[in-house]
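Participant: missing the sequence, but the structure's below:
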């Protein structure tokens, strides 16, 4: 058992000998060179066969999109039912990212398929900048889907305001116990643990499929594992596996890091506490996901339901002294990311090592539902063969108060990461101001230095920068930021 990636204590059935766990190559889900030449993906072929065998009503899948809050990688121990269903029997994306490691910008990217610099929600105050006419929920509802939202929506969204394009909703004012909700237009307090409320409201929505034969889209978003990370009472004292940290927890020598990281004070003890609290809250999420699977099986809809699971951003456990999100280090933007769609052949256990991100969710859902929106998307369908060699990750500082990370953007590949910090800030409306001057840079060799301990640009000469390829990385990053 890895100290960083503890496996579930509860047993999860492994794939049978007849169905070995296959590794998906960079070509994704394509079946051989003939399919590549034709541009035909296995999921499309399999889904058409499923629809032919089960009637026209089965042509479009139901969609279950689960987005957790502040969930980093290496939290699988808490979720044996989730990983047993969606990872071990579906697709696990081993290089899953968010393009902005902050709640509202990330969720807006999920809805729109766009980078934050494109959709305009650059901080948690700017939620109303999102173009609601271009969201996945709007297009699915227009295409005849029954739509529902259960849990958190967007930061700074007024609780009394209905979330657009959701036919049913249980909108949570973030909290864990006895919280305020907007239930289909009525603001009220509901007693109990909010993850359980999310679970029960979702199950009620799913159960309506017995009478309502429309395909459905359920956006399910519990508050876990966001602070204050209050566990459900039955999990409050649950022991979690020991954790001895990792080389970046805390990094002892940060002379090569930006000033806010030099000043960071997070400790291994704090990281252990945050990790334990997150794992305990995620046990309740795992109960909910297990209940969803059981309900889908009961309804006979397990095969043709497309399920996507992702964290809206990661979180630091004391890495480089940091115990938050919003930074360009891997713990903040790498997240759990799973997919299952058995009717399309994506239910047998696969690992996909492409670089994928939250901006890929909307295009995936559009392709699965047969929708061709006119709006531009920065992502691409996970059901296609497309594969990127790097990803833009970006974050903006809100306001001009001292402290915390400045605005930054980063070129992230599997083997390297290049980051620039800027003299830029945003207002509550997301509008950017400042000179744009680069104030600090970082470059990490992720193969030789996966924990990002050595900033290769610290004290580097122009010749060394040339050998590292920094000028070209800087040019590509500049192009990505305005694409």
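Facilitator: Okay, I see it. In this text, all values refer to a predicted model and were calculated from it rather than measured experimentally. Numbering: from 1, shown residues only.

Participant: Got the confidence number for the nearest residue to residue 428 once chain neighbours are set aside?
Facilitator: Using CB to CB, 6 or more residues apart in numbering and skipping residues adjacent in sequence, the residue nearest residue 428 is residue 125, 3.9 Å away. Placement of C-beta: from N, CA and C, glycine included. For residue 125, the model assigns a pLDDT of 96.

Participant: how close does residue 125 get to residue 447?
Facilitator: Look at residue 125 and residue 447: by CB to CB, to the nearest Å, they are 38 Å apart.

Participant: The two: which has the busier surroundings?
Facilitator: Comparing residue 125 with residue 447 by other CB atoms under 10 Å, the one with more neighbours is residue 125, at 18 against 9.

Participant: Could you check how far that one is from residue 430?
Facilitator: 8 Å.

Participant: ok, now residue 350?
Facilitator: Using CB to CB, residue 350 is found at 38 Å from residue 430.

Participant: Over to residue 422?
Facilitator: Per CB to CB, residue 422 is found 15 Å from residue 430.

Participant: So the two - more neighbours on which side?
Facilitator: Between residue 422 and residue 430, residue 430 has the larger neighbour count (other CB under 10 Å), namely 24 against 20.

Participant: OK, contacts around that one?
Facilitator: 120, 121, 122, 123, 125, 126, 129, 396 (CB atoms under 8 Å, 6 or more residues apart in numbering).

Participant: and the fourth one, how many neighbours does it have?
Facilitator: Here the count is done by other CB under 10 Å, and residue 123 has 27 residues near it.

Participant: Which residue, neighbours along the chain excluded, lies closest to it?
Facilitator: Nearest non-adjacent residue to residue 123, counting by CB to CB, 6+ apart: residue 398, 4.0 Å away.

Participant: so that neighbour makes contact with residue 104?
Facilitator: No. Using CB atoms under 8 Å, residue 398 makes no contact with residue 104, being 10.7 Å away.

Participant: shared neighbours, those two?
Facilitator: Joint contacts of residue 398 and residue 104 (CB under 8 Å, 6+ apart) are 123, 124.

Participant: With neighbour numbers in mind, choose between those two.
Facilitator: Counted by other CB under 10 Å, residue 398 and residue 104 do not tie: residue 104 has more neighbours, with 26 against 18.

Participant: Beyond the helix or strand where that one lies, next helix or strand please.
Facilitator: Secondary structure from DSSP states H and E places residue 104 in helix 103-112. Remark: after helix 103-112, the chain's next helix or strand is helix 116-119, criterion DSSP H and E.

Participant: on that earlier part again, tabulate the contacts of residue 430 in TSV, adding columns for distance to residue 171.
Facilitator: Output for these, formatted as TSV (distance: CB to CB, whole Å):
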residue	distance to residue 171
120	22
121	17
122	23
123	21
125	18
126	19
129	19
396	26
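
Participant: Select from the residues you listed every entry located in helices.
Facilitator: Among the contacts of residue 430, none falls in helices (DSSP state H).

Participant: Of these, which is the nearest to residue 368?
Facilitator: Closest approach to residue 368 among these (CB to CB): residue 121, at 24.6 Å.

Participant: so how far is residue 81 from the closest one?
Facilitator: As for residue 121, its distance to residue 81 is 32 Å (criterion: CB to CB).

Participant: more crowded one of those two?
Facilitator: Taking other CB under 10 Å, residue 121 and residue 81 do not tie; residue 121 has more neighbours (31 against 21).

Participant: Can you report how many residues neighbour the residue nearest to that one when sequence neighbours are not counted?
Facilitator: Nearest in space to residue 121, with sequence neighbours left out and distances taken as CB to CB, 6+ apart, is residue 108 at 4.0 Å. The tally of other residues near residue 108 (other CB under 10 Å) stands at 26.

Participant: cool, the one 10 residues further on as well?
Facilitator: Here the number of neighbours of residue 118 (other CB under 10 Å) works out to 20.

Participant: Correct me if wrong: it contacts residue 377.
Facilitator: No. Contact criterion CB under 8 Å: residue 118 and residue 377 do not qualify, at 9.1 Å.

Participant: Could you name every residue contacting both of the two?
Facilitator: residue 112.

Participant: Tell me the helices and strands packed up against the lengthiest helix in the chain.
Facilitator: For the chain, the helix with the greatest residue count under DSSP H is helix 268-299. Counting contacts by 3 or more CB pairs under 8 Å, 6 or more residues apart in numbering; DSSP states H and E, helix 268-299 packs against strand 62-68, helix 80-82, helix 194-207.

Participant: try it again with 10 Å
Facilitator: strand 62-68, helix 80-82, helix 194-207, strand 216-221, strand 305-311 (3 or more CB pairs under 10 Å, 6 or more residues apart in numbering; DSSP states H and E).

Participant: now those in a markdown table, with distance to residue 139 and mean pLDDT?
Facilitator: Listed next are these as a markdown table, based on distance: least, CB to CB, whole Å; pLDDT from 0 to 100:
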| stretch | distance to residue 139 | mean pLDDT |
| --- | --- | --- |
| strand 62-68 | 12 | 98 |
| helix 80-82 | 27 | 98 |
| helix 194-207 | 19 | 98 |
| strand 216-221 | 10 | 98 |
| strand 305-311 | 15 | 98 |
